[in-house]
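1. Quick one, structure for this:
(2 chains)
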Amino acid sequence: MAISQEAYKDLEAIVGKEYISSDPVVCEGYRSGPGGYECGLGYERVMTKIPGCVIMPRTTQEVQKIVKACNRYKVPYVPYSTGWYGPRSHCHVDDELLVDLKRMDDFEIDDKHLCVTVGPGVIYSQLQEEAMSRGMYTIVGGGGSQCSAIANMIGDGWSPLSYRIGLPHRRILGTELVLPDGELVLMGSLATDEDSFWGEGPGPDLRGLLRGFTGLRGCLGIVTKMAIKLLPFQPERLEPTGISPHTTLELPIKRVKWINFTMPSKDSMKKAMFEMAKAEIGGGVTKVPIFWRAIAKASCKEDYWDIWSKESEETISSFHLLRVLLIAFTSEEQMEYEEKILNDIITELGGEARRTRPSDESWFKNADSAGMWLMCGGYISVDYVIETLEHAIPHGENYAELKKKFTPPLMPDYGDPGWFQSFELGHQGYSEFLVYWDPDVNTDGVDHFYLETSKENIRKRFYTSLLGPHQPLYLTGPAYGPNYHTWLLKVKDEFDPLFICHPPVPLAHDEFVEKAEWMRPMKDWESPEIKPSS
Amino acid sequence: MLKGKLKLDVTNLDNFEYDMSKCIKCKGCTWVDHIYMPGMTFSTRCPSATRYLFDSYGAYGKMRIGTAMLEGRMEYSDELLKILYACTLCGACDVGCKRNLDLEIELTLEALRIKAVQDGKGPMPQHKKVAQNIAEKHNRFGSPHANRNKWLPGDVKPAEKADVLYFVGCSAAYTSPEIAQSTVKILKASGTPFMLMPDEWCCGNILYSVGMVDEARELAKRNIEEVRKTGAKTLLLSCAEGYRMWKVDYPKLLDISTDELGFKVVHLVEFVDELVKKGSLKLKKKVNLRLTYHDSCSLSRLSEPWTPWEGERGEWGMVSPRLERRRGANGVYQPPRDILQAIPGVELVEMIRMKENAFCCGAGRGTKEAFPDFASWAAKERLEEVKAIGAEAIVSTCPWCKENFAQAASKDGEKLKVFDISEIILAAI
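-> Got it, this is the predicted structure:
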C-alpha cells in the first residue's frame, strides 16, 4: 500500500470502500501521459507520478474530511476533475493522493436569475445543453466541452464568444473552496445565501486567490462548488445532426450565423475587429491558426498532411481569414441589421465573404477540440495574452519568428502567427500561440521553446498569462512583480503550511529545470536552492 | 511500435503501442458526442466507466494500463483482469475517439484480452467453461448438440439448396427460439427460399471476444468452409453479435477482407428493409405500440466491413499506404428504423442516446458470463432511458440484448415489453 494503512483506513471510512483504491492497476489508469495536453514533453516525463491512492468523494463535507486527514497524516494530494489539463493537474510526488471529483456533479440551474451552481464533475457540454434548452448559454472555453466547467472557469475559460464579455472572472458568482487545511471558505454570493445572482460577497473579493489571469492549478485548495453567470441566448434550437465523425450543430441562420471573410491584410482584420466593436455588432470574431482549416477539411491524419503540405510561407502570409459569428439575440431583424453593418465594414476594408457552412462544431459545444492532436500527436498552447489588439498581434508574430529556431521538432506552420481576436467588444486583444510536435522524436527542443517564450516575453515586455504554475516562478516573478513570486509563496505558505496541496506547484517548473539536465543550460536567473520534492 | 512496420493484427499488442500512447484523456470515449450531449442525465456512453467510475475502467485508463503491460511494468492481478473483462467491447469508445482522432481503441482492447490469454492469465473462469461447452457441444450453453434445430416450426421447411443460408446462432437455437421462428416465418412470407447449415456450430463470438483467438480461428475456418460448401450467396443472421463475428471478426482472424468470404453477410433487418422497399414484403397489419429501438452495438457501430492492412508508420505518426479507418459511420443504423416506421400503428420514439451514441445493453462479448451484475446494471440503465421517453416497448436486433433487457425488466417487475425486431416484423405481416 502506497500510503500508510492507518491513513487509508481513515480515508476509506469517509467515502466507503467502493470509492477508494490504492491498487497499482487502478492508480496506473491515472497516469498523466504519455498522451495528452503537454504530455510526452519533459515536464510530464520528469515531474509526474502515478498516484499512491485515488479517492472519489461525493460531497463537500467528504472533501473537507479527506483534506483534514491528509493534513493529519501528511499525505500530499491533488484535486482532479477530468484530468484533461495534462501533467499539471496530475500527481507530482510519490505516494500522493489523487482526489477524483467526478462524483461531485450536482447541478442547479436558475432560469429566472440566469445562473447555475455546479460541482466539479460537471462538464461544459452538459452545462451548455441545459442552458441552451432554457434560452441561455455559456462560453465553452477553447479547452473544449470535455472540460470541467469549474476547472476551466478558474483556469482559462475563453473562446471567440468571449468577444462580447471577456474574461470569465466576472461570471464566477460564488465559489465554495476547501482550503488546503480543510477549512471551508465561501466566496461571492455563496457566502451570504443561496441566491447566486450577485458576484460580490462580504469582505475582500477572493476570486483572485483562485486564478488571477490563469489559475494556480489546484495548489490552493479544492473548489467544490461554483455559481456561474449564464447569458441570455436567442430562442431557436441549434439542432444536432449527422453521424460521428461528421456531427455538427445546424444553425438557425436567421438567428445564428458564422461568416468567413478573406481580408487583404492582417491590419484590415484588426480594423474590422475594432469597427465591429464600435458598432456593437457580432457574437464572436476571431482569426484562427490557418492549419485549423486543414484539420477541419481533413478526413484523417494523412489527409491533413496532404492538405497542409501544399501551403508555404507565401500562401500563409497572404491569406487572412476572419471568422465572424452573428447572433440575433433579440429578433431576426437584428440579424439583418448586423449583417448589413458587417458587410459595410468588410467592403470598406476590401474584404470578401466566402461560402460558410451554416453549422458549428467548434465553439458552442466544442466537440472538435480533441482534433488538435490529429496531425502530430503532441500539442500545447505555449502562451496566452489578453491585453490590447495592438499588443496581441505582434505577440503572435514574434512567437512565429522565435519558433523557426525550434522547428523541427515543432510542426512547420510557415510563419502563421497563431490565434488572435478581440474580447469585450474591442477593449481587449487576445493572442494564443499553439504548437504541435511529434512526440515520438526527441522533444527537448519543445521544452526549450516553451521556456524561451517566457524569456522572450520578459525581453520584449509582452504581458503573459502563464506565470506561476506554468513557468519558473523565480524567472517570471522578479520580472513581472517585481515581487509577485514572494507574495504568491507567502499566500501558499499561509494557506498550506505543510505544502501538501499539489506540491511542488507553484514551484514545479523551477524544479523541472533543476531536474532535467537538458534544461539546466537555460537557467540564467537567480533562485534559492530548489529541493526536489521527491 | 511507435514507428516502422505495422499491421492491424490484434494478436500482437505491439501493433497498438502508438494508439495507446496517443490517448489524450479527452474522455470522448466515455461521454456522449458533445454535439448530441443531452444534458445532465444520460450523458455517458461507456458502461464500464459509468459503472466503475475509476479512470482505469475508461478507455483512457486502459490505454495507460496497456502501455504499462507492453512495457512490462504491470503485474497481472484480479483487478487487472476485471478492468480488461468488465467491459462490453461495445465500440462506444472507438467511435468517440475516432470523432477527432485516428486511434484504434477497439482493436487495442481486443488485443489486450488476447495478450492476457497469450500470457496464460485470461480469460475469466466463466469464459473457460463456455469455451469447454463450445468445444464439446458446439454451443455456448453446453446443451445437447442434437437439440440445435428443435426450434424449427413444423410448418416451415428449409430448402435443400438455396441462395440464402440462415445461420441461427446459439441464442436463437436454444434460449430465444421465438427469434429464429419469427425469422423463418418472415422468410416464408416473403417467398424467400432458404437453407440451414447441415450441421451448425457456434460462431465463436465469445471465444474471440475474450481473447481465445486460436479456438475462434479454428471455428471460423470450419464455419466458413461449411457455408462455402453449400454454395450460398447470402448468409443471413438474426443475431447482431453473430453478424459482427461473421462479417468483421472472421475476416480479421483469417487476414482476409469481408469481400473475400465468398458470400454476403446480411442481418435480417437489411434483408427485410430491401424487401419492403422493393415492395416484395408488405407490412400491412397494425401493431399498436409506442416503442423505441435499441441499436445493438454489433449491428451498428461495430459492423463496418473488415479490410486487412499492413504498412508503415512514419513521421508525425502518419501511416502508409493510406488506411481507411473504421469509424462506425457506416453501421446499420437506418434500416431497422425504416422497417419500424413502415409498420402501421407503430409509434417509434427515439432514445436520448441513439445510433453511435447508444448505451450498450451490457450482455455481449463475455460480459454477462463473467460479470452478470454489471450486465444487469447496464440493462437497467438503458431501461431507465426507455422510461424517460415514455415508450411501452423496447425493440432490438440481437438475442443477447433481448434476453438481458427482459431479465432486467422482470427482476424489477417492470411492465415494459421487450421484443426482437423479428417478432415485430412478423406481427405486421
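2. how many other residues sit next to B:Lys411?
-> 11 (other C-beta atoms under 10 Å in any protein chain shown). Where you see a C-beta, it was placed from the backbone N, CA and C, and this is true even at glycine.
3. Check whether it really touches B:Ser376, as I assumed.
-> Yes: judged on C-beta atoms under 8 Å, B:Lys411 makes contact with B:Ser376 at a distance of 7.1 Å.
4. Read off the pLDDT value for residue 1.
-> Assuming you mean chain A. A:Met1 is assigned 49 on the pLDDT scale.
5. my question was about chain B
-> 78.
6. Can you show me the strands along the stretch 1-150 of chain A?
-> With DSSP state E, counting those that start in this stretch, the ranges of strands along the stretch 1-150 of chain A come out as A:20-21, A:53-55, A:77-80, A:97-100, A:107-110, A:115-118, A:136-137.
7. In contact with the residue nearest to A:Met153 when sequence neighbours are not counted, which residues are there?
-> In this structure, A:Met153 finds its nearest non-sequential neighbour in A:Pro168, 5.2 Å apart by C-beta to C-beta, 6 or more residues apart in numbering or on different chains. For A:Pro168, the contacting residues are A:Ile139, A:Gly141, A:Asn152, A:Met153, A:Asp156, A:Gly157, A:Trp158, A:Ser162, by C-beta atoms under 8 Å, 6 or more residues apart in numbering or on different chains.
8. and the third one, how many residues sit next to it?
-> Neighbourhood size, A:Asn152 [other C-beta under 10 Å]: 26.
9. do the same with B:Asp55
-> B:Asp55: 29 surrounding residues under other C-beta under 10 Å.
10. can you check A:Pro412 too?
-> 17.
11. Then B:Trp31?
-> Neighbours of B:Trp31 using other C-beta under 10 Å come to 25.
12. Any residues of the stretch 51-200 of chain A in contact with chain B? List them.
-> When proximity is defined as C-beta under 8 Å from any C-beta of the partner chain, the stretch 51-200 of chain A approaches chain B at A:54, A:56, A:82-84, A:100, A:102-103, A:105, A:107, A:122-123, A:125-126, A:128-130, A:133, A:144-146.
13. Which phi and psi values does the residue nearest in space to the middle of chain B adopt?
-> Per C-alpha atoms, centre = their mean, the C-alpha nearest to the average position across chain B is that of B:Ser298, at 2.5 Å. In terms of degrees, to the nearest 10, the main-chain angles of B:Ser298 are phi -80, psi -20.
14. swap in the one 10 residues further on?
-> With angles defined as degrees, to the nearest 10, B:Pro308 sits at phi -60, psi 150.
15. which residues sit in contact with it?
-> With C-beta under 8 Å, 6+ apart, B:Pro308 has these contacts: B:Leu8, B:Pro251, B:Lys252, B:Asp255, B:Ile256, B:Ser257.
16. measure B:Lys161 to A:Leu466 for me?
-> Distance of B:Lys161 to A:Leu466, computed by C-beta to C-beta, to the nearest Å: 74 Å.
17. Check A:Thr59 too.
-> 33 Å.
18. re earlier: list just the one of the strands of the stretch 1-150 of chain A that sits closest to A:Pro503.
-> strand A:77-80 (8.7 Å; C-beta to C-beta).
19. what does that closest one rub up against?
-> A:30, A:51, A:66-67, A:70, A:89-92, A:96-101, A:120, A:218, A:221-223, A:500-502.
20. Point out where the stretch 1-150 of chain B drops to low pLDDT.
-> By pLDDT under 70, the stretch 1-150 of chain B contains no weakly predicted segment.
21. Count the neighbours of the residue of chain A found nearest chain B for me.
-> With C-beta to the nearest C-beta, the shortest gap between chain A and chain B falls at A:Gly29, namely 2.7 Å. Residues within reach of A:Gly29, counting by other C-beta under 10 Å, total 26.
22. I figured it hits B:Gly66, correct?
-> No: judged on C-beta under 8 Å, A:Gly29 makes no contact with B:Gly66 at a distance of 10.2 Å.
23. Which residue, other than its chain neighbours, is closest to B:Lys3?
-> Closest residue in space to B:Lys3, ignoring its immediate chain neighbours: B:Arg313 at 5.3 Å, by C-beta to C-beta, 6+ apart.
24. separation between that neighbour and B:Lys7?
-> Noted for B:Arg313: a distance of 11 Å to B:Lys7, by C-beta to C-beta.
25. just checking, what packs against the helix or strand where B:Lys129 lies?
-> Using DSSP states H and E, B:Lys129 maps to helix B:125-137. Applying 3 or more C-beta pairs under 8 Å, 6 or more residues apart in numbering or on different chains; DSSP states H and E, one finds that helix B:125-137 makes contact with helix B:205-209, helix B:213-230, helix B:367-370.
26. what angle sits between the second one and helix B:125-137?
-> Here helix B:213-230 runs at 40 degrees with respect to helix B:125-137, directions being taken by axes from the mean of the first three to the mean of the last three C-alpha atoms, to 10 degrees.
27. re earlier: so between A:Thr59 and A:Leu466, which is more surrounded?
-> Using other C-beta under 10 Å as the criterion, A:Thr59 and A:Leu466 rank with A:Leu466 on top: 20 against 15.
28. what's the distance between that one and A:Met411?
-> 20 Å.
29. now do B:Ile425
-> 53 Å.
30. Low-confidence bits of chain A, can you list those?
-> In chain A, residues with pLDDT under 70: A:1, A:194, A:532, A:534.
31. again, only using 80
-> Applying pLDDT under 80 to chain A picks out residues A:1-2, A:193-198, A:201-216, A:465-469, A:530-534.
32. Walk me through the domains of it.
-> Domains of chain A are assigned by automatic domain parsing as A:5-100, A:107-232, A:252-358+A:374-460, A:473-522.
33. Give the buried residues for stretch B:230-247.
-> Using 16 or more other C-beta atoms under 10 Å in any protein chain shown as the test for burial, stretch B:230-247 gives B:230, B:232, B:234-247.
34. Enumerate every residue touching B:Leu299.
-> Contacts of B:Leu299 by C-beta under 8 Å, 6+ apart are B:Ala240, B:Tyr243, B:Arg244, B:His267, B:Val269, B:Gly331, B:Val332, B:Pro336, B:Thr397, B:Cys398.
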